[in-house]
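Colleague: A structural model of the following input is requested.
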Amino acid sequence: LWWSDTLVFLAAGSRGVILLDCSDPGAPEPLVRVETPGSSRRLARRGDILYVADEIGGLAIVDARRPDRARIRRTIRTSSQVRSVSVDGEFLAIAEGAGGARVFDISRPDRPQRVVALDRRETAADVLLAGDTLLIADGQFGLRAYARDRRGAWSGPDTVAVTGRVTGLGRRDQVVYVGTGREGIWFLRIVGPGQLTTIGQVALPRSFPAGRAAAASETRLLVAAGVGGTAVLDVADLEAPKVLVPEEKALEVRWGD
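Modeller: Numbering: from 1, shown residues only. I've put the predicted structure just below:
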């Protein structure tokens, strides 16, 4: 989902994109549902335009200038399923699964222009665009980083040293949150185009595989944890993050007489 002021934009799978009015947080009201040709998996926003990773439907561009009358403006077809989308400034990146990743110029938000195709021989499960750095999550094969130079050319990839199955990417400013399933969350810092350093790592209980993470505040991080629900982390100290939810439970087992 994506939120802005009192509006929430929800990627709802086969239900398309749903816009909610959350003026009253305790009673969200649906404003409109936009049907998409595929299955809305993730979305990103720039101004009044929503970019929807619509799996077999490609990249759907939704005009939300009038939220109660939001509609698809155009669709960009792709060679593979679009699994994720990330926007930063005037650029957009998509993860196409077995088709790798692509970067677009969105200086004209409703008319993306393709800049480059990357990782065409690899798998892209998720993407994260942060200024001159592009990160691509490749599941069991890890995390790769690309850098953009002053001329706009992309170089790489460089492998980022994290362990686990990389399936979810998020960030706050220059700190990147990497969800790695059973290995938990890795915290990285962007120190230059395509260059990252490791800050710390925290594991969740085994029944909580870490996926995408999003900052709820300066000291709280929410983590999508599969069938485990949502985990909450205290990230006041990124070198020693603490798991607040779920709480660890100690069991005492006795046997014999």
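Colleague: Let me see the contact set for the residue nearest to Arg83 when sequence neighbours are not counted.
Modeller: Spatial nearest neighbour of Arg83, chain neighbours left out: Ala95 (4.7 Å); criterion: C-beta to C-beta, 6 or more residues apart in numbering. No exception for glycine: its C-beta is placed from N, CA and C like everyone else's. In this structure, Ala95 makes contact with 53, 82-85, 101, 124-127, 136-137, judged by C-beta atoms under 8 Å, 6 or more residues apart in numbering.
Colleague: Now do Ala95, the pLDDT please.
Modeller: Listed pLDDT for Ala95 reads 96.
Colleague: what do you get for Ala250?
Modeller: 64.
Colleague: and if you look at Arg69?
Modeller: Taking Arg69 on its own, its pLDDT is 94.
Colleague: so how far is Val175 from it?
Modeller: 37 Å (C-beta to C-beta, to the nearest Å).
Colleague: Neighbour count: those two, which is higher?
Modeller: Val175 (17 against 11; other C-beta atoms under 10 Å).
Colleague: Quick check: the gap between the closest residue to the more buried one other than its chain neighbours and Glu218.
Modeller: Leaving aside its sequence neighbours, Val175 sits nearest to Arg189 (C-beta to C-beta, 6+ apart; 5.7 Å). Counting by C-beta to C-beta, the gap from Arg189 to Glu218 is 15 Å.
Colleague: try Ala125
Modeller: 28 Å.
Colleague: These two: who's more crowded?
Modeller: Ala125 (19 against 8).
Colleague: Show the backbone phi and psi for the more buried one.
Modeller: phi -90, psi -30 (degrees, to the nearest 10).
Colleague: Verify the stated contact: it with Val166.
Modeller: Yes - between Ala125 and Val166 a contact is recorded at 7.4 Å, counting by C-beta atoms under 8 Å.
Colleague: anything in contact with each of those two?
Modeller: Common contacts of Ala125 and Val166 (C-beta under 8 Å, 6+ apart): 137-139.
Colleague: which one of the residues you listed is nearest Gln195?
Modeller: Distance to Gln195, by C-beta to C-beta, is smallest for Ala137 among those, at 17.5 Å.
Colleague: beta partners for that closest one?
Modeller: Using DSSP bridges, the beta-bridge partners of Ala137 come out as Asp126, Leu143.
Colleague: any idea how far it lies from Glu122?
Modeller: Distance from Ala137 to Glu122, by C-beta to C-beta: 11 Å.
Colleague: Please identify which of the two sits among more neighbours.
Modeller: Ala137 (29 against 15).
Colleague: Now do the contacts for the more buried one.
Modeller: Applying C-beta under 8 Å, 6+ apart to Ala137 gives the contacts 95, 124-128, 143, 166-169, 178.
Colleague: same check, this time on Arg73
Modeller: Here Arg73 is in contact with 49, 61-63, 110 (criterion: C-beta under 8 Å, 6+ apart).
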